[in-house]
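Participant: got a structure for you, letters missing:
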């Protein structure tokens, strides 16, 4: 595990937090990338959500000619048959788990924590959440796919066998093709996971309709307390 927690951008609620969303950015972006999502969601005061947007480490990415950029793991190619950076995925999963543990130490119940991400960050959210030993509030995976899928059955934790999963994808995505998202959705459903699936007529991005659906889903999995 890394010696220190990942540096993160945090957006605190107006009152004491009783829930948390850890949202992982995509390849080449950073933790600031989704800060604007918080006001766009127009969530009510309850649930009182702390948003955590960690920065991925800098590393060379083979797909981009070895250029160093913020990435959760190396990508050789976006193809079902391409080799995957297992070591990178597992290291980043440990780093994300450390952030989940910190939220637990701050007094947030595990079932009030949502792991979320876009693109490569969404891949990490799926990979990590399904292996967590405590039941999480939900998994939010946007424009993404499940990495190291062949290892899931041996490593999945029963605590999150019924965790709510929301997956969404653009039908015109030129970066992470729609078939990769659909394939991961079908793979998870075949193994008993309840995946809520949405598509939108957009490229590799987020649209207003999607934000509305995210708001509705978050309010379902993180209901107001009291």
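Facilitator: Right, received. Where do you want to start? None of the values given here were measured: they were computed from a predicted structure.
Participant: what lies in contact with stretch 154-166?
Facilitator: Outside stretch 154-166, the residues that touch it by Cβ atoms under 8 Å, 6 or more residues apart in numbering are 126, 129-141, 188, 191-196, 198, 213-214, 217, 220-221. Quick note: C-beta positions are derived from backbone N, CA and C, even for glycine.
Participant: hmm, I was thinking of stretch 65-79
Facilitator: By Cβ under 8 Å, 6+ apart, the residues outside stretch 65-79 that reach it are 24-25, 27-30, 55-63, 82-85, 88-89, 91-92, 120-121, 123-124, 147, 175-177, 180.
Participant: from one end of that stretch to the other, what's the distance?
Facilitator: Terminal residues of stretch 65-79 are spaced 17 Å apart (Cα to Cα, to the nearest Å).
Participant: stretch 201-213 spans what distance, first to last residue?
Facilitator: 14 Å.
Participant: in it, what counts as buried?
Facilitator: Within stretch 201-213, the residues scored as buried using 16 or more other Cβ atoms under 10 Å are 202, 204, 206, 210, 213.
Participant: and the furthest pair within those?
Facilitator: 204 and 213 (17.5 Å; Cβ to Cβ).
Participant: same for the longest helix along the chain, what does it pack against?
Facilitator: Once the chain is assigned using DSSP state H, the helix that runs over the most residues is helix 86-105. With contacts taken as 3 or more Cβ pairs under 8 Å, 6 or more residues apart in numbering; DSSP states H and E, helix 86-105 sits against strand 19-24, strand 49-54, strand 113-118, helix 120-129.
Participant: returning to what we had before: show the buried residues in the contacts of stretch 154-166.
Facilitator: 126, 129-132, 135-141, 188, 193, 195, 213-214, 217, 221.
Participant: now do the strands in this structure.
Facilitator: Using DSSP state E, the strands of the chain run over 8-11, 19-24, 49-54, 58-61, 67-70, 113-118, 138-142, 165-170, 195-200.
Participant: got JSON lines for these, with distance to residue 99 too?
Facilitator: Formatted as JSON lines, these follow (distance: least, Cβ to Cβ, whole Å):
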{"stretch": "strand 8-11", "distance to residue 99": "7"}
{"stretch": "strand 19-24", "distance to residue 99": "5"}
{"stretch": "strand 49-54", "distance to residue 99": "6"}
{"stretch": "strand 58-61", "distance to residue 99": "18"}
{"stretch": "strand 67-70", "distance to residue 99": "16"}
{"stretch": "strand 113-118", "distance to residue 99": "9"}
{"stretch": "strand 138-142", "distance to residue 99": "15"}
{"stretch": "strand 165-170", "distance to residue 99": "19"}
{"stretch": "strand 195-200", "distance to residue 99": "24"}
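Participant: in a markdown table: the ones you listed, plus distance to residue 103 and mean pLDDT.
Facilitator: Below are the strands of the chain laid out as a markdown table (distance: least, Cβ to Cβ, whole Å; pLDDT from 0 to 100):
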| stretch | distance to residue 103 | mean pLDDT |
| --- | --- | --- |
| strand 8-11 | 11 | 98 |
| strand 19-24 | 4 | 98 |
| strand 49-54 | 7 | 98 |
| strand 58-61 | 25 | 97 |
| strand 67-70 | 22 | 98 |
| strand 113-118 | 5 | 98 |
| strand 138-142 | 14 | 98 |
| strand 165-170 | 19 | 98 |
| strand 195-200 | 23 | 98 |
